[in-house]
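Q: okay, predicted coordinates and the sequence, questions at the end:
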Amino acid sequence: MSQEVLKTVRTAAGWSIVLAILMIALGCLAIFMPMVTGITASIFFAWILLISGFVYFFYAFTAEGAGGVLWRLLIGVLYIIGGLYLMFNPAIALESLTFALAVILGCEGIFQLIGFFAVRALPGAGWLLFDGIISVLLAVYIGNGWPANSSWVLGTVVGVNLLFSGFNRLMYSSAVRGITAPAH
């Protein structure tokens with residue numbers, strides 16, 4: 001491998017380490033403030049729906065024909081109503097997001113476990129296996145307590161996942177950076 005390629009890979013690994021440290025810090029913050037993290041995520045999601053509704057609403061006037069305009073207006077109105085409803089009922093949004101998180105973590109963990117078998121011979125691959133196992137265990141834990149645990153689980157689980165994913169990224173990137181270190 002050329003020195004230029006090694007330098008590029010080393011630089012990318014360095015930026016990946018910076019991202020890993022940020023993920024670890026945000027994970028710790030989310031763990032220590034789970035309710036704030038969960039409600040913030042719920043309100044953020046509500047705003048995304050609300051803004052999407054306005055985009056659909058204004059996008060409707062670019063459609064050709066009355067049917068296209070009407071359909072896009074209807075979708076826009078539904079998004080706006082849904083966003084406003086979730087904004088004024090963050091507990092419902094929190095329960096929905098908690099359930100979605102369980103599904104996402106389960107899928108993420110399964111994909112990480114599959115990915116581990118593809119790269120198991122590489123340095124640091126064990127961290128991918130560890131991250132996958134943690135993600136699947138978190139998904140099962142959330143699913144078993146849902147919806148009663150929605151008030152705290154979203155923020156805590158997001159924090160734990162960020163923490164472990166950050167450590168995974170840190171270990172893997174450090175291994176890559178070590179492999180590409182210039183020989184002295």
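A: Thanks, I have it.
Q: can you pull out the helices in the chain?
A: Assigned by DSSP state H, the helices in the chain fall at 3-32, 34-59, 65-88, 90-119, 125-145, 150-179.
Q: confidence score at Ala183?
A: For Ala183, the pLDDT comes out at 61.
Q: now do Val103
A: pLDDT, read off for Val103, is 92.
Q: kindly report the same for the one 3 residues further on.
A: With respect to pLDDT, Gly106 has a value of 93.
Q: which residues touch it?
A: By CB atoms under 8 Å, 6 or more residues apart in numbering, the residues touching Gly106 are 135-136, 139-140, 143. For every residue, glycine as well, the C-beta is placed using N, CA and C.
Q: report the buried members of the residues you listed.
A: Among the contacts of Gly106, those buried by neighbour count (16 or more other CB atoms under 10 Å) are 135-136, 139, 143.
Q: format those as JSON lines; extra columns: pLDDT and distance to Ser151.
A: Below are the buried ones among the contacts of Gly106 laid out as JSON lines (pLDDT from 0 to 100; distance: CB to CB, whole Å):
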{"residue": "Ser135", "pLDDT": "90", "distance to Ser151": "22"}
{"residue": "Val136", "pLDDT": "95", "distance to Ser151": "23"}
{"residue": "Ala139", "pLDDT": "92", "distance to Ser151": "18"}
{"residue": "Gly143", "pLDDT": "91", "distance to Ser151": "16"}
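Q: from those residues, which single one is nearest Val158?
A: Top of the list for closeness to Val158, among these and by CB to CB, is Ser135 at 11.8 Å.
Q: report how many residues lie close to the closest residue to Gly159 other than its chain neighbours.
A: Distance criterion CB to CB, 6 or more residues apart in numbering; nearest residue to Gly159, sequence neighbours excluded, is Ala30 at 3.1 Å. The local packing of Ala30 (other CB atoms under 10 Å) involves 24 other residues.
Q: residue contacts, Ala30?
A: Contact partners of Ala30, counting by CB under 8 Å, 6+ apart, are 37, 155-156, 158-159, 162.
Q: buried subset of those?
A: Buried by 16+ other CB under 10 Å: 37, 155-156, 158-159, 162, out of the contacts of Ala30.
Q: which of the residues you listed has the weakest pLDDT?
A: Val158 (82).
Q: surely it and Ala100 touch.
A: No - counting by CB atoms under 8 Å, Val158 does not reach Ala100; the two are 11.7 Å apart.
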